[in-house]
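S.K.: below are the sequence and a predicted model; questions follow.
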Amino acid sequence: MQTPEQTDAIRRLNDAARAIPGVTSIANVTMGFQALPDPDRSAALALIARFSKFDDNNDPYGEHDFGAVFRLASGDWTQDRPEDDEAVAVTVFWKIDYYEPNLDFGSDAPWDAQRTKRVLTIMLSNEY
């Protein structure tokens, strides 16, 4: 069981991992996400970097380690899931996993930046 202070540290590190992927985390995208047109990838990445729609469904432990962004049928991107599924053209999931520095095993101290590497994975929902 982790302390509230450890959870706060995990959340801060995860927010940084999303905001500066490739610097504060190892960034990984799937083939499906890579196949999106450049403007869509850019829009999705910008929303992921500043994602703020955390709730009990996508963040039950308060770690900010998972979320989704949506391209609407109109072409606009949003982090607000529409109530009408027909309005969603593409759903992109992102998640953060915690590994020991050598990436062989999961980290036993995800609140410690020195003992944990973060891997940010971005994928289409149908690739999950």
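M.R.: That came through fine. Residues are numbered from 1 along each chain as shown.
S.K.: quick check: the gap between the closest residue to M123 other than its chain neighbours and F93.
M.R.: Closest residue to M123 apart from its sequence neighbours, by CB to CB, 6 or more residues apart in numbering: T30 at 4.1 Å. From N, CA and C alone the C-beta is placed, and that goes for glycine too. Remark: distance between T30 and F93 (CB to CB, to the nearest Å) = 9 Å.
S.K.: again, but for A68
M.R.: With CB to CB as the criterion, A68 and F93 are 5 Å apart.
S.K.: spell out which residues are contacts of both of T30 and F93.
M.R.: Listed as contacting both T30 and F93 by CB atoms under 8 Å, 6 or more residues apart in numbering are I122, M123, L124.
S.K.: picking that back up, need the contact list for the residue nearest to M123.
M.R.: T121, I122, M123, L124, E127.
S.K.: one step back: so what sits against both of A68 and F93?
M.R.: Counting by CB under 8 Å, 6+ apart, the residues touching both A68 and F93 are S125.
S.K.: secondary structure element holding P101?
M.R.: For P101, there is no host helix or strand (DSSP states H and E).
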